[in-house]
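Engineer: Next one to model:
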Amino acid sequence: MGHDIYGLNKAREEIAYARFSMGNRNALLLYNLLDSLKFYAGVSGSGKFSTFSLQQIERAMNDYKKFFKTGDSPSESDCTSWDQKQILKFIQSCLATAQKEESVEVYFG
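Structural biologist: So this is what the prediction gives:
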């Protein structure tokens, strides 16, 4: 059991991935940044998909910056833990895709 969260482009290709064990509270951080607690099912995700607009992913990035108190361009070298790094990479990848395609789909498994 655990949280496997995938970002997908319009062709349904994986563009982002984050993995949290079932007891890792940092999973909740990513759910919160994506404003997606309804997809949190305790020991794993709900097994459902959601589509996020560019604006929603931009909001997630802005919330990440506020939460971790980073500058305008956070980088992996700023990260103090593996989970922070994977959350940043996930949001950055989703943001890059949403900027090209106007949205990104996320699977919460």
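
Engineer: just the strands in the protein please.
Structural biologist: With DSSP state E applied, the chain shows strands at 2-8, 14-21, 48-53, 103-108, listed in chain order.

Engineer: Export these as CSV, with columns for distance to Leu37, mean neighbour count and mean pLDDT.
Structural biologist: C-beta here means a position set from N, CA and C on the backbone, and glycine is covered the same way. Output for the strands of the chain, formatted as CSV (distance: least, Cβ to Cβ, whole Å; neighbours: other Cβ atoms under 10 Å; pLDDT from 0 to 100):
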stretch, distance to Leu37, mean neighbour count, mean pLDDT
strand 2-8, 12, 20, 98
strand 14-21, 14, 17, 97
strand 48-53, 12, 15, 98
strand 103-108, 10, 21, 98
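
Engineer: What is the longest helix along the chain packed up against?
Structural biologist: In terms of residue count, the longest helix belonging to the chain (DSSP state H) is helix 82-101. Contacting helix 82-101 under the criterion 3 or more Cβ pairs under 8 Å, 6 or more residues apart in numbering; DSSP states H and E are the following elements: strand 2-8, strand 14-21, helix 26-33, strand 48-53, helix 54-68, strand 103-108.

Engineer: Tell me which of the strands of the chain sits nearest to Ala60.
Structural biologist: Ranking the strands of the chain by proximity to Ala60 (Cβ to Cβ) places strand 48-53 first, at 7.8 Å.

Engineer: Just list what the closest one packs against, helices and strands only.
Structural biologist: Under the contact definition 3+ Cβ pairs under 8 Å, 6+ apart, strand 48-53 sits against helix 82-101, strand 103-108.
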